[in-house]
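Asker: I would like the atomic coordinates for the input below:
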Amino acid sequence: MISPYPVEQQQHHSTCLPFSLESAASADVTTTKCGSTQPTKSIMAPANCQPGHILQVLQGSSQQQLMSQPAAEDSQETLPPAKQQLSGAASAAATESEDDSWTSGQPVSSPGYEEFEDGDAWDPNGPLPQYCTNCTARLHVPECSDCGHSSEQDSKLFDSFDSCGSGSHAAPAAGSKPVSSAAGWPIIIWDDNMLLHEEGKAVPHPERPDRLRAVIARLARNGLTGRCQRVGARTATKSELLRVHTQEHLHRLRLFCSGAVPALSMPSDTYINQHTLHCAALAAGSAAEAAVQVVRGEAAHGAAIIRPPGHHAESNTAMGFCFFNNAAVAARAAQVAGAQRVLILDWDVHHGNGTQHIFEQDPSVLYVSLHRYDRGSFYPGTGASEEVGDGRGEGYTVNVPWDAGNMRNGDYMAAMQQVILPIAREFLPSLIIISAGFDAAEGDPIGGCLLTPDCFGAMTAQLMAVAPTVLLLEGGYNLSATATSTEACLRVLLGEQPTYPAACPSPFGWLAIQAAKKAHCRYWSCLAGAYPQLIGHQHSLQQQLRLAGAAGYGATAAAQQFEQDNNEEQEWENEEGEEYEAEEGYEVCERAGEETEGFEDNGVEGT
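Answerer: Have a look, this model is predicted:
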């Protein structure tokens, strides 16, 4: 299974957090850097923390020790007032509910980090390595060879961010027209405190604070934040989180972020600092607040521009840059507020393994995902079309897995028209939550797909026609692509008409759509008999090429793409085979020889 990182960046990222109890209790703790090659040498446990205790915590075998400081349960289920003023630390503290004592409170910004302390490879006699602000690729000239961004344009990515303000929500601009006069303005939520979750190493992490800065700056620069009703962010309550996550998970994160226990069990690509717990709770709470307000009819639609993302977070595991599952927390909060059925559409390029597993036995939540799968080799390796849910939830998990990169607008639009929208209309959701990752956008350094902002806007409009919709930011690591795609979606939430790309799938797109239809035709009447009876892999490809040509994609172009992808796959298989032969060849031969001898001894002749 590959990491969500580009290969060249994987070695530079590891978990980092403070480990001094004295400094962890202080408000201005500095994040300690960990060596990238041997992080355990840089990690020192507190003096009063016994090795056995650390092992029990990491293995999750001693809940009593994990919960040595239990937090009080919610005194009430009611949520804080919807539209509140947000003014730095004071207002953030005012929005916390009574059960928020499990968090560390409102932290202050860390003082920063020393560059290259983590052992990044560089020539001390040469210039310092530079990285593209837009996509994090290594720069050798001012213009990035990966995304085309010039370092001279860095300031333009964040223009207007400071002027949009974190401390107050703006009233809609004069003369603006609301989406619905009955429901009022669409709401938008964000908070500068989410910027405090930062790794701070010399090699920039893809999930970095600049993502939020760039999105909000573009929305403010183009006047969209002024056309929405700004709602103050809040941290999720303990009861909201426990509807989705385990008590053990909450307290493990608390220990890791406080520095009481080294976060050795965290994936190397998912970093932690002293602000992570607060930021993750703020993201989850903001997602829940947006969903609740829309369900209550206080807004027509909503958008929560939040980080860290959440769809990889399992009920008891943080992974893939995610700590709390924001979409799952929002869905449960919406149901408490009155939503009977919730549809979650996840168009992030990675499959939302956490969201799927949380709801896979629940028929009241329909989880639908469009993602790269690459036959299980694309992170996180889950999300095959045959994964349809379990028990009472069987049929309520819908996966459309792409087995190749370079997926285009036509693939997504075709999947929407042929699979997702028919099922959504039959499901009749009370609310739709979009796990809006934009790493399938063209130019993203991780996703490897070719979607444009028009496609994201069109999908948003199609979903809004089914039910009230809330958009939650997930992935997306090319700053300009993520910002422009978010803008396209928000314009649709404001009532602007999108441009609809043609629904002409590519070869692998067509096959994924047919696989999804085949998996779900017995659960949804809208798909009954909607897929061709495919006889063998080669026959399906030939039929697909004919249909692609008839649909306007072009049979020649389809054949060329298939041949290219097939050649790349064959090269990969050959490389894997060579490695296997080099490492296992002699052992295989020895085993074969032993088996032959065994047959001869038993008097069995080979055939």
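
Asker: Could you grab the helix/strand/coil label for M413?
Answerer: M413 falls in the helix class when you classify it by DSSP: H, G, I helix; E, B strand; the rest coil.

Asker: Counting neighbours, what do you get for it?
Answerer: For M413, the tally of surrounding residues (other CB atoms under 10 Å) stands at 23. For the C-beta atoms, the positions are set from N, CA and C on the backbone; glycine is no exception.

Asker: which SSE is the residue nearest to it when sequence neighbours are not counted in?
Answerer: Taking CB to CB, 6 or more residues apart in numbering as the measure, M413 lies nearest to A503, with 4.0 Å between them; neighbours along the chain are not counted. When elements are assigned from DSSP states H and E, A503 belongs to no helix and no strand.

Asker: If I look at A503, what pLDDT would I see?
Answerer: Per-residue confidence (pLDDT) for A503: 96.

Asker: Which helix or strand contains E487?
Answerer: Assignment of secondary structure by DSSP H and E places E487 within helix 479-493.

Asker: D269 now?
Answerer: Secondary structure (DSSP H and E) places D269 outside all helices and strands.

Asker: So it sits against F321, correct?
Answerer: Yes: counting by CB atoms under 8 Å, a contact exists between D269 and F321, whose distance comes to 7.1 Å.

Asker: Those two - which one has more neighbours?
Answerer: When D269 is set against F321 and neighbours are counted by other CB under 10 Å, the residue ahead is F321, at 26 against 21.

Asker: List phi and psi for the closest residue to that one other than its chain neighbours.
Answerer: Nearest-residue entry for F321: E207, 4.2 Å, with adjacent residues in sequence omitted and distances by CB to CB, 6+ apart. E207 has phi and psi values of phi -90, psi 90 when expressed as degrees, to the nearest 10.

Asker: give the contact list for E207.
Answerer: Contact criterion CB atoms under 8 Å, 6 or more residues apart in numbering gives 307-309, 321, 475, 477 as the residues in contact with E207.

Asker: and it, what pLDDT?
Answerer: According to the predicted model, the pLDDT of E207 comes to 97.

Asker: what separates it from C504, distance-wise?
Answerer: Taking CB to CB, to the nearest Å as the measure, E207 falls 33 Å from C504.

Asker: same check, this time on I189
Answerer: For I189, the distance to C504 (CB to CB) stands at 36 Å.

Asker: Among those two, which residue is more densely surrounded?
Answerer: I189 (28 against 21).

Asker: can you tell me which residues contact the more buried one?
Answerer: Contacts of I189 (CB under 8 Å, 6+ apart): 230-233, 286, 289-290, 302-306.

Asker: can you pick the most crowded of the contacts of E207?
Answerer: Within the contacts of E207, neighbour counts (other CB under 10 Å) peak at P309, which reaches 31 neighbours.

Asker: ok, it to K156 distance?
Answerer: Using CB to CB, P309 is found at 25 Å from K156.

Asker: Kindly report the same for A304.
Answerer: A304 sits 25 Å away from K156, taking CB to CB as the criterion.

Asker: And the two? Which one has more around it.
Answerer: It is A304, of A304 and K156, that has more neighbours when counted by other CB under 10 Å, with 28 against 15.

Asker: Do I have it right that that one meets T486?
Answerer: No: with contacts counted by CB under 8 Å, A304 stays clear of T486, the gap being 11.1 Å.

Asker: what is in contact with the two at once?
Answerer: With CB under 8 Å, 6+ apart, A304 and T486 have common neighbours L473.

Asker: The residue nearest to M413: how many residues sit nearby?
Answerer: A503 has 19 nearby residues by other CB under 10 Å.

Asker: give the contact list for it.
Answerer: Residues counted as contacts of A503 (CB under 8 Å, 6+ apart) are 410, 413-414, 416-418.

Asker: Give me the buried subset of those.
Answerer: Those of the contacts of A503 that meet the buried threshold are 410, 413-414, 416, 418, by 16 or more other CB atoms under 10 Å.

Asker: Same list (these) but as CSV, adding pLDDT and distance to I446.
Answerer: Conversion of the buried ones among the contacts of A503 to CSV gives the following (pLDDT from 0 to 100; distance: CB to CB, whole Å):
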residue, pLDDT, distance to I446
G410, 98, 22
M413, 98, 22
A414, 97, 24
M416, 98, 23
Q418, 96, 27
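
Asker: CSV for these, including distance to I433?
Answerer: Compiled in CSV, the buried ones among the contacts of A503 are given as follows (distance: CB to CB, whole Å):
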residue, distance to I433
G410, 25
M413, 21
A414, 23
M416, 16
Q418, 22
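
Asker: ok, of these, which one's closest to G338?
Answerer: Ranked by distance to G338 (CB to CB), those are led by M416 at 27.3 Å.

Asker: How about the secondary structure of that closest one?
Answerer: For M416, the secondary-structure state derived from three-state DSSP is helix.

Asker: doesn't T460 make contact with it?
Answerer: No: with contact defined as CB under 8 Å, M416 does not count as touching T460 (10.6 Å).

Asker: Perfect, that will be all.
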